[in-house]
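>>> Please find the sequence and the predicted model below.
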Amino acid sequence: MKRKKIIIGNWKMYNGPEQGHIFLHKLEEKLNNKKINCDFAIAAPFVTLPYIMPHDHGTNKGIEIDLCAQNFHYQNEGAFTGEISLAMLEQLGVRYGIVGHSERRQYFNETNKTVNLKLKAALNSSIIPVMAFGETLEEFEKNQTDDVILKQLTEGLKEINKTQIERIIFAYEPIWAIGTGKTATPKQAQKTIKKTREIIANIYDQKTAEKVRIQYGGSVKVENIKELMEQKDIDGALVGGASVDPDSFFKLITYDQN
């Protein structure tokens, strides 16, 4: 089954409104009606999203870029100081939302339970969830990768049916490769993502597993993206540092044309 690749640039806590506007202008110049063969989006900080939103609402006059939230709350509204709801993001035209990124798990107490709550909330909205998962260096070195991923997927997908799961984009990010310069080799990434698809098939069925898109993330850059994308089960990339610069991001989303 042919699955369309999707590349999402996760800016993390980089590129405020001013930098986002400049980024968009430079990216617009590079695209210049160029055909892009993959889906792509930017997960910008919340304050930057309005500055790169679809051109009929915001500052972008040339291209329409899909927006992605880096996080969101599972409640639609309430007394949750500092949080952002899906309903608020929908008003900005946000298309995707990351759930369970390792940095959220590590620094902000994200758990498999809250991942599950956020997935359910997103699936009841117009926003497509991007579920991140992956193992630590210690778990990797102890050959516990498969067990860790099984637990994250099983608990994160609890009470989500197979019709709903087809809307979820999965992002395997080995924690030991995020921002470290270390990258799982294409064969390592393929092996784990293939295992991920097998786990999804066991939870649901093979046909469903073949439909879902699974990205790889972890020090993805211009130099290695093409080989990663050539792997059978890798359907895209969740890219950190290499997505912050417009020149680099353009090369990432046109990896198949270079």
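Arrived safely.
>>> Could you double-check that P186 sits in contact with M229?
No - in this structure P186 lies outside contact range of M229 using C-beta atoms under 8 Å: 9.0 Å. Where C-beta positions appear, they are placed from N, C-alpha and C, glycine not excepted.
>>> Going by length in residues, pull out the top helix of this protein.
Assignment by DSSP state H gives helix 186-203 as the longest helix of the chain.
>>> From the contact counts, what lies against the next helix or strand along the chain from it?
Stepping forward along the backbone from helix 186-203, the first helix or strand reached (DSSP states H and E) is helix 206-211. Of the remaining helices and strands, those touching helix 206-211 by 3 or more C-beta pairs under 8 Å, 6 or more residues apart in numbering; DSSP states H and E are helix 186-203.
>>> Flag every buried residue along the helix it packs on.
Using 16 or more other C-beta atoms under 10 Å as the burial criterion, the residues of helix 186-203 that qualify are 186, 188-193, 195-197, 199-200, 203.
>>> will you turn the residues you listed into TSV that also has distance to V212?
As requested, the buried residues of helix 186-203 are exported to TSV (distance: C-beta to C-beta, whole Å):
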residue	distance to V212
P186	20
Q188	20
A189	16
Q190	16
K191	17
T192	15
I193	11
K195	14
T196	9
R197	8
I199	11
I200	6
I203	11
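>>> for those, which one is nearest E18?
Within those, the smallest distance to E18 is 35.0 Å, found for A189 (C-beta to C-beta).
>>> Surely I200 touches L153?
Yes - applying C-beta under 8 Å as the test, I200 and L153 come out as touching, 7.0 Å apart.
>>> Nice, that's everything, thank you.
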